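> One predicted model, sequence on top.
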Amino acid sequence: MIDPELLRRCIVNNVLQALSEDLGDGDISARLIPAQKQAQARVITREDMVLCGQAWVDETFRQLDPEVCVHWQAVDGEFVCAGSTLLELEGRARSLLSGERCALNFLQTLSATATAAHSAAALLQGLETRLLDTRKTLPGLRLAQKYAVACGGGKNHRLGLYDAFLIKENHITACGSIREAVEQARRISPDKPVEVEVESIAELEEAITAGSDIIMLDNFDLAGMRAAVALTAGRARLEASGGIDTAHLREVAETGVDYISMGSITKHVQACDLSMRLL
């Protein structure tokens with residue numbers, strides 16, 4: 001779970017950077033409108049989606065103009081149908097228009113991520129296997145997209161390189177063996193989870209013996225996953241990874257693995273189609 005205070009700081013910084021790159025030294029188009037002219041606006045979705053990104057939208061208008069009122073018609077994690085109103089805005093017309101693109105960029109991207117996670121997680125209904133995200137996220141939006149995955153019904157893998165070990169082939173080579181890598185990890189941070197990526201049953205056996213918490217089965221076929229589940233017998237949690245798409249997601253889960261990680265739910269998202277109109 002993402003620490004709420006860490007997420008709050010992330011939201012403030014995300015918005016600060018987004019507004020800075022968009023506004024520069026001022027919105028010259030907004031100057032066409034009298035400074036005190038008031039307006040109302042409505043944001044709708046043109047497609048079915050899972051809403052995500054409320055806090056980013058709220059923060060956008062808070063930083064631009066605290067007097068803008070944002071009235072939400074749905075909440076993060078809620079499925080909304082095409083044509084639905086997501087939110088209504090009231091305030092200075094200049095502020096509404098200056099914040100429009102920044103706010104919609106966050107909302108369309110994070111809702112798309114949540115929707116992708118929701119679609120994938122739904123395929124696992126009735127099974128114990130859980131969907132995980134990866135670090136294959138948009139630069140600068142790591143926590144935002146991981147929050148969106150959780151809104152859509154997925155689970156967060158490690159947030160970065162700092163909160164859990166993931167011992168991969170190059171780490172193993174540099175350390176000398178899986179056992180040596182795991183033992184070193186325990187010495188460095190005994191409280192951090194240790195995951196080892198393996199490419200064969202032989203490496204799986206070594207990772208189990210070394211006391212790994214989680215073992216990632218990298219590009220195993222279905223027969224290999226079933227064999228890995230039988231061999232592991234609950235001594236470590238197993239994560240299937242590598243080129244898994246929604247067409248094969250459920251059959252992978254039915255092998256008995258604990259987790260399936262999918263980079264596509266964050267890196268292949270297509271922004272939701274949203275529109276804002278002044279009333």
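Sure thing, it's come through.
> Surely Ile215 and Ala240 touch.
No - using Cβ atoms under 8 Å, Ile215 is not in contact with Ala240; the gap is 10.3 Å. In short, each C-beta sits where N, CA and C put it, glycine included.
> tell me what the top helix by length along the chain is packed against?
Longest helix of the chain, by residue count under DSSP state H: helix 93-122. Using 3 or more Cβ pairs under 8 Å, 6 or more residues apart in numbering; DSSP states H and E, the elements in contact with helix 93-122 are helix 4-23, strand 38-45, strand 49-50, helix 54-64, strand 130-132, helix 142-151, helix 264-267, strand 274-278.
> Tell me who's in contact with the closest residue to Cys52 other than its chain neighbours.
Spatial nearest neighbour of Cys52, excluding adjacent residues (Cβ to Cβ, 6 or more residues apart in numbering): Ala114 at 3.8 Å. Counting by Cβ atoms under 8 Å, 6 or more residues apart in numbering, Ala114 makes contact with 49-52, 76-77, 148-149, 151-152.
> Now do the same for Ala114: its pLDDT.
pLDDT for Ala114: 98.
> and what of the one 3 residues further on?
If you check Ala117, the pLDDT there is 98.
> pretty sure it contacts Ala148?
Yes - judged on Cβ under 8 Å, Ala117 makes contact with Ala148 at a distance of 7.0 Å.
> more neighbours, those two?
Using other Cβ atoms under 10 Å, the more surrounded residue of Ala117 and Ala148 is Ala148, with 33 against 29.
> which of the helices and strands packed on helix 93-122 sits most buried?
Each of the helices and strands packed on helix 93-122 was given a mean neighbour count from mean count of other Cβ atoms under 10 Å, and the largest, a mean of 26, is that of strand 49-50.
> what ranges do the strands span in the stretch 101-250 of the chain?
130-132, 165-167, 194-198, 214-218, 237-241 (DSSP state E, counting those that start in this stretch).
> want to throw these into a markdown table with mean pLDDT and distance to Ala227?
Below are these laid out as a markdown table (pLDDT from 0 to 100; distance: least, Cβ to Cβ, whole Å):
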| stretch | mean pLDDT | distance to Ala227 |
| --- | --- | --- |
| strand 130-132 | 98 | 21 |
| strand 165-167 | 97 | 21 |
| strand 194-198 | 98 | 12 |
| strand 214-218 | 98 | 10 |
| strand 237-241 | 98 | 11 |
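> I'd like the ones you listed as a markdown table, with distance to Glu88 appended.
Converted to a markdown table, those look like this (distance: least, Cβ to Cβ, whole Å):
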| stretch | distance to Glu88 |
| --- | --- |
| strand 130-132 | 33 |
| strand 165-167 | 44 |
| strand 194-198 | 45 |
| strand 214-218 | 45 |
| strand 237-241 | 42 |
